[in-house]
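Peer 1: model the structure of this input:
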Amino acid sequence: MDKMPEFVGKYKVFSFLLLSSVLFSLSSVFADTPDVYLSLTRIGGAKINIAIPEFSLQDGFLDRENLCQKSAEILIGDLNNSAFFKTVENRDSLRDTHAGDKKSGKINFKEWTSLGTEILIKGNLILEGERVHIECRLYDVKREEQIDDYKFSDNRNRFRQIIHKLSDKITYRFTGEKGIAMTKLTFVSRTTEREKEIYISDYDGHNINKITDDKSITLFPKWSPDGKYILYTTFKYKNPDLYLTDIKGDKTWAISNSPGINAPATWSPDGKKLTASLSKDGNPEIYTMDLDGKNLLRLTTYSGIDTTPAWSPNGREIAFTSDRSGTPQIYIMGFDGTNLRRLTYQGSYNDHASWSPDGNKLAYSSRSSGQFDIFVINLVSGKVLQMTSGAGNNQNPTWSPDGRQIAFSSSREGKYQIYTMNADGTNQRRIIYLEGGGYSPSWSPRFESVNSVTSP
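Peer 2: Residues are numbered from 1 along each chain as shown. The predicted structure is shown next:
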């Protein structure tokens, strides 16, 4: 566990654990989509079997960057992660059947059917200087017909983003749900023994970029609802001050730099307000404020510690951690501080509440028998489920925008790194490994209009 400066040491026990959908009606929108695929995603959780052979490159070009194989691998990873699809895994059969199609000039649907394929994806790459063009066709193997096609173009250095965009299009085409392959994560990693900075990566852990250079301790990054800014705390000026930065790190400005603690903090769902734990009046209390730090409204009046606020998706409630019961537990109150009630009763130390996108669940870190694990409580039924167990500590949960995955930091392999898992606790996997570790992940919203991939 990392050490905090002495003047905030008394709060470190739980104020600074630093390092540590519903498918809607589709019949009118997707009238041309085979009913079997829609019903498969609605009933019983069955997945669509989809075959993705290596993409093809236009004649006369050498694939020196191995983009044809990478295209298929990225798309396979995205669609498997979506939980809607199961990709055909026999790579030799995929290669041979695809080669046979290219040689004959037509698709051998019977052969693809024998591999268990329901949907077939055929992709082509066209390289033009620093630009890459991707064309993709979707086939219904049972009906032996093409059902859709997509075309994307962008700079070659955004190649992965093009495939992620394609994945999201395919997910929406067959399920009516927007995909998350174009989303991103922000997190903290150590750069030296005494310094930590804020980083951004793709949702699958690739394309890691450092966006702060404070040469100090930076903590608790949180995405803005529009995906354009990140809220964080920095010790750059020897005090835990609340700052805002754009996602490129080109512009930063102070939000709250009162003497004492100005953290953690997060956004209201409309992006117009912030809620933060501030100790300017003595002990840490929960406040709301405007984006310029003005119009402060104190919500709690407890003599102990109130910290780690999390605003509900509907904007009506705020979850937070308080030791008013004797041990750190999760509480919920109205956005104006009214209707305060205790939520958690299991575990000796509960912290870092994170709302599911539909507002029906809270994920949080809970200590039991000396170890932190991720739990999820259903706010409707009150049922509590343990998501992680085993070696190491698991902390700082954050939901994907579709509510189907949770990212978190874990020390199960020694140092803390960033992991993801399905919302039911299955398929836990490390997605990022950095020598400086990975802490406090925050999952971005979907990028509807930011960094979009353009069509030709």
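Peer 1: tell me where the stretch 51-200 of the chain has strands.
Peer 2: 56-57, 85-87, 119-128, 131-140, 145-155, 184-192, 195-202 (DSSP state E, counting those that start in this stretch).
Peer 1: contact partners for Thr266?
Peer 2: Applying CB atoms under 8 Å, 6 or more residues apart in numbering, we find Thr266 in contact with Lys222, Leu231, Leu274, Thr275, Ala276, Pro309, Ala310, Trp311. Quick note: C-beta positions are derived from backbone N, CA and C, even for glycine.
Peer 1: follow-up on the earlier one: let's have the strands of the stretch 51-200 of the chain in CSV, adding distance to Asp226, mean pLDDT and mean neighbour count.
Peer 2: Listed next are the strands of the stretch 51-200 of the chain as CSV, based on distance: least, CB to CB, whole Å; pLDDT from 0 to 100; neighbours: other CB atoms under 10 Å:
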stretch, distance to Asp226, mean pLDDT, mean neighbour count
strand 56-57, 37, 92, 16
strand 85-87, 29, 95, 20
strand 119-128, 31, 94, 20
strand 131-140, 27, 95, 18
strand 145-155, 22, 95, 15
strand 184-192, 13, 98, 22
strand 195-202, 15, 98, 22
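Peer 1: list the buried ones in stretch 162-181?
Peer 2: 162-171, 173-181 (16 or more other CB atoms under 10 Å).
Peer 1: and for stretch 423-438?
Peer 2: Ala423, Gly425, Gln428, Ile431, Ile432, Leu434, Gly436, Gly437, Gly438.
Peer 1: what about it, distance to the chain center?
Peer 2: 11 Å (CA atoms, centre = their mean, to the nearest Å).
Peer 1: swap in stretch 337-357?
Peer 2: Distance, centroid of stretch 337-357 to centroid of chain: 21 Å (CA atoms, centre = their mean).
Peer 1: report the buried residues of it.
Peer 2: Counting neighbours by 16+ other CB under 10 Å, stretch 337-357 gives 337, 340, 343-344, 347, 349-357 as buried.
Peer 1: which helix or strand contains the closest residue to Asn427 other than its chain neighbours?
Peer 2: Sequence neighbours aside, Met421 is the residue nearest to Asn427 in space, at 5.9 Å (criterion: CB to CB, 6 or more residues apart in numbering). Under the criterion of DSSP states H and E, Met421 resides in strand 417-422.
Peer 1: okay, the buried residues of stretch 423-438 in CSV with secondary structure, pLDDT and distance to Ser369 next?
Peer 2: Converted to CSV, these look like this (DSSP: H, G, I helix; E, B strand; the rest coil; pLDDT from 0 to 100; distance: CB to CB, whole Å):
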residue, secondary structure, pLDDT, distance to Ser369
Ala423, coil, 96, 24
Gly425, coil, 96, 18
Gln428, coil, 96, 20
Ile431, strand, 97, 27
Ile432, strand, 97, 28
Leu434, coil, 97, 29
Gly436, coil, 97, 29
Gly437, coil, 98, 24
Gly438, coil, 98, 24
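Peer 1: state the pair within those residues that is farthest apart.
Peer 2: Ala423 and Gly436 (28.2 Å; CB to CB).
Peer 1: ok, which stretches of the chain are helices?
Peer 2: Counting by DSSP state H, one finds helices in the chain at the ranges 12-15, 35-42, 67-81, 91-104, 109-114, 159-175.
Peer 1: mind giving me the domain ranges of this structure?
Peer 2: The chain is divided into the following domains under automatic domain parsing: 6-20+180-443, 35-175.
Peer 1: for these, which one ends up most surrounded?
Peer 2: domain 6-20+180-443 (a mean of 19; mean count of other CB atoms under 10 Å).
Peer 1: from the chain's centroid, how far away is that domain?
Peer 2: 13 Å.
Peer 1: picking that back up, so how far is Gln58 from the residue nearest to Asn427?
Peer 2: 40 Å (CB to CB, to the nearest Å).
Peer 1: so Gly359 versus Asn314, what's the distance?
Peer 2: For Gly359, the distance to Asn314 - CB to CB - is 6 Å.
Peer 1: give the residue spans of the chain that score low on pLDDT.
Peer 2: 1-45, 60, 448-456 (pLDDT under 70).
Peer 1: if Lys196 is in a bridge, with which residues?
Peer 2: With DSSP bridges as the criterion, Lys196 is bridged to Arg190, Ile217.
Peer 1: my read: it touches Ser189, true?
Peer 2: Yes. Counting by CB atoms under 8 Å, Lys196 does reach Ser189; the two are 6.6 Å apart.
Peer 1: which neighbours do these two have in common?
Peer 2: With CB under 8 Å, 6+ apart, Lys196 and Ser189 have common neighbours Gly436, Tyr439.
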